[in-house]
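1. got a predicted structure here, sequence first:
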Amino acid sequence: MIARVTLEIALRKEFDYLVPEEFQDRVEIGSRVKVPFGPRKVMGVVTGLPAQSEHAKLKPILGVVGKGSFVTPKVLELARWMAGYYCCPVETALKSVLPVSVRKEKEGWKKQLYVRSIEPVGSPSKLTKRQEELNAVLREWKELPLQEFLKMTQSTQATVKKLESAGVALISREVIERDPYAHEHIVPTEPLELNQEQKTSMDAVLKAMNYEEAAKQSNVFLLHGVTGSGKTEVYLQAIQHALEQGKGAIVLVPEISLTPQTVERFKARFSSGKYQTLVAVLHSHLSEGERHDEWHKIKEGRARIVIGARSAVFAPIDPLGLIIVDEEHEHSYKQEEAPRYHARDVAVVRAQREKAVVILGSATPSMETYYNTQKGKYRLLEMPTRADNKTMPWVRVIDMRSEASKEKGIPILSQQLREAIQQRIEKGEQTMLFLNRRGYASSMQCPTCGYVAGCPNCSISMTYHRRDQRLRCHICGHDQRAPKCCPVETCRSYEIRYAGIGTEKVEDTLKLLFPKAGIQRMDSDTLKKKEDYKKILTAFRLGKIDVLIGTQMIAKGLHFPNVTLVGIIYADLSLHMPDFRAGERTFQLLTQVAGRAGRGEVEGDVFVQSFTPFHAAIQYARRHDYLGFYEQEMEFRKDTEYPPTSRMAMITLKGKNEEKLKMSGTHLKSVIEAIREEIKDLALAGPSPAPLERAENFFRYQIMLKTKSMSQLSRRLADIHQSTKLPEGVQTIIDIDPVSMH
Ligand code: ADP
Ligand code: ZN
Ligand code: ZN
């Protein structure tokens, strides 16, 4: 028996090994094995079981970790496809497919020892002072891996054994599951009767799930439904159908929207009553132990529904009936480190391979996805009206140019928005204000000599944080005291100016204007601890906060019936990004934010403050006109041949020596030129300095590639990447279908 293995030390090759008799019943595709490699012993994953090898004299495998495979063979094939398409080694792709906590499980699940606090039966024997201490710690934790406990308390196993014989602790090998949502009480829900729009959508999805039409048409649906149109109910009933077919489902949600509220809607439908299936939750805030447990619930088939962020697309659900990608336009589905995959696109590929159905849901679909429905690749389902019969909020655009006055300059809040907030406070209704920039001011300047405080490592100015009197770089995190006067030696002026506004400044302004109101800021600066997020939202829900000001984290998926006013402080911020998707992003953002208003009994108002009030992205968002925006934006994409009219790959070169970098870029480009013979429509631009020219002390140059045949291009790029020698100190990053241009 021969096993083909990829090694953990990311080599772009696979190696064949002999499987000795004793391991043969434990080695399958996806098994983790220990193998000799030169003088070393390394870990690897079995990726194939070939009948024969082209190499003579194979070395034997040294050991197998755990029992059975951690990935399904289908997901392993998917990892292989990812490696090819996104130009990375298979091993790198596997690192995303298998979470760290599952990979590093050396002993296998069952062998791990746990220590648990128990109530003594009868009167416990007397404990020494040290034992009392340990017991107190254990009582607090209730149960945890023995090794962790020993490390935490600096004690030995012998001491813990004494606790056990005293009857207050139990050391066991049994599986004790950690459920991060264990303490929440969830009220079960029944399916709602669908309205006409939902029914039409549901019928199409069910037919595809029953393979009635799937053979002829696509198995990928775009569910384009406005906020509140009842997309979630369609998801729930489609999942129900998958369960009835004996299959499982994966629900992808952007990390930021993966709130307990969201998870609850799924658990409430399926965790009690008829279906009794566990709902596993995967996201980056789980502890390693929790992640490990969730993974095993899925692998053992006890959880047939998985909700999670990006990497949940690899969950070992088998057989798989359905993948839902909610808010499919969200950029967080793209991983910004290798493997640079897009979870939405991987979902589509995975579903194709496993004959599952995909529902991509959004109120503001990405240009790519909508384009795919126009081309007939995906099928379009429309739900243009709200299920709850509420009207869409009224959106007012305020021209900030006319708000400026001679004495005071431009105010942060226009008069109209100020008055609207005042009214809500008086009526006991709530307001959400939105600005996608934290800190107090976006730059510190000296008007006397022209000095601007820039980051020493990056080509951007530092943000001023007034609370702690510091300047911070939002790219590399560089942090220093804000000087009281201009640091230029010949100047030393005290007339420092702070330009550009951030959430901190809006908060201060609000506190001045409405001294009696409850005002709270929510951005990553005010959320230091895991619980802070929940705390603020609970206070908001209980009405203890009148005005909530925050960055994009308050724009997503939150549902507060008492919010009747939403204000966007500075809509132009995202419009001025050096990115061809700036307009699209602004449109999406405004629509999402506006969707937060009027979700309760009272109608909602939305105020958008802008210096370019007639920009198409703002005007179409104001009229809730997605199609209008799409058509106008497509004109621009066609003219410039930007995606979705073509596909894009971006090569970024990074290095400390700018001259060397430029030369490497030019050389690399000349090598790539040769691909033109094969890919006729290949367009090349650069090398030129990236919009973010310098970051973390590295210069950055970019080469941009466009073509219609991306899988062909990415295959050739991987070859070139491997065979082209660039000088030492120059790194290249290949990003296929990039979503961020910086
Ligand atoms: P979306 O996910 O599209 O933003 P939701 O699923 O949150 O919309 O639905 C908005 C509201 O409408 C929810 O309160 C939901 O319970 C309700 N709703 C959805 N479908 C129906 C239906 N068929 N009948 C009655 N209420 C519905
Ligand atoms: Zn100065
Ligand atoms: Zn920096």
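-> Thanks, I have it. Ligands and ions are numbered 1, 2, ... in the order given.
2. how many neighbours does the residue nearest to R386 when sequence neighbours are not counted have?
-> Spatially, and ignoring its direct neighbours in sequence, R386 is nearest to G228 (4.1 Å; CB to CB, 6 or more residues apart in numbering). Just so you know, the C-beta spots here come from the backbone N, C-alpha and C atoms, and that holds for glycine as well. By the criterion of other CB atoms under 10 Å, G228 has 20 neighbours.
3. which ones are touching G228?
-> 386-388, 390, 595, 599 (CB atoms under 8 Å, 6 or more residues apart in numbering).
4. write the ChimeraX selection for whichever of the residues you listed are buried.
-> Restricted to the buried members of the contacts of G228, where burial is judged by 16 or more other CB atoms under 10 Å, the ChimeraX selection command reads as follows:
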select :386,387,390,595,599
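5. and of the contacts of G228, the nearest to ligand 3?
-> Out of the contacts of G228, the one with the shortest distance to ligand 3 is G595. That distance is 34.1 Å, counting by CB to the ion.
6. the closest one touches T227, doesn't it?
-> Yes: shown here, G595 and T227 form a contact pair, counting by CB atoms under 8 Å, at 3.3 Å.
7. spit out the residues that contact the two alike.
-> When contacts are counted by CB under 8 Å, 6+ apart, the set common to G595 and T227 consists of A363.
8. which ones are touching L223?
-> Contacts for L223 were tallied using CB under 8 Å, 6+ apart; they are 201, 231, 234, 359-362, 381, 383.
9. switch to 10 Å and redo it
-> Residues in contact with L223, defined by CB atoms under 10 Å, 6 or more residues apart in numbering, are 198, 201, 204-205, 229, 231, 234-235, 238, 324-326, 328, 359-363, 365, 379-383.
10. by mean pLDDT, flag the weakest helix or strand of this structure.
-> Among the helices and strands of the chain, helix 100-103 carries the lowest confidence by mean pLDDT, DSSP states H and E, at a mean of 61.
11. list the backbone torsions phi and psi for G376.
-> Its backbone dihedrals place G376 at phi 80, psi 10, with angles given as degrees, to the nearest 10.
12. quick one: name the residues of the stretch 101-250 of the chain near ligand 1.
-> 192-195, 198, 225, 227-233 (CB under 6 Å from any ligand atom).
13. turn the residues you listed into CSV, including pLDDT and secondary structure.
-> Formatted as CSV, those follow (pLDDT from 0 to 100; DSSP: H, G, I helix; E, B strand; the rest coil):
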residue, pLDDT, secondary structure
L192, 92, coil
E193, 93, coil
L194, 94, coil
N195, 94, coil
Q198, 97, helix
G225, 94, strand
T227, 84, coil
G228, 85, coil
S229, 91, coil
G230, 93, coil
K231, 95, helix
T232, 95, helix
E233, 96, helix
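14. pull the most distant pair out of those residues.
-> Every pair in these was compared (CB to CB); the two farthest apart turn out to be E193 and T227, at 21.0 Å.
15. what comes up buried for stretch 335-347?
-> The neighbour-count criterion (16+ other CB under 10 Å) identifies 335, 338-347 as the buried residues of stretch 335-347.
16. and what of stretch 663-676?
-> Buried residues in stretch 663-676, counting neighbours by 16+ other CB under 10 Å, are found at 664-665, 667-669, 672, 675.
17. list just the nearest of the residues you listed to ligand 2.
-> Where those are concerned, and distances follow CB to the ion, ligand 2 has its nearest neighbour in G665, at 36.3 Å.
18. low pLDDT regions in the stretch 201-350 of the chain?
-> By pLDDT under 70, the low-scoring segments of the stretch 201-350 of the chain are 213-216, 272-273.
19. all strands of it, in order?
-> Per DSSP state E, counting those that start in this stretch, the stretch 201-350 of the chain carries strands over the ranges 220-225, 248-252, 278-282, 303-308, 320-326.
20. nearest to H55, out of those?
-> Nearest to H55 among the strands of the stretch 201-350 of the chain is strand 320-326; the distance by CB to CB comes to 35.5 Å.
21. right, I'll leave it there.
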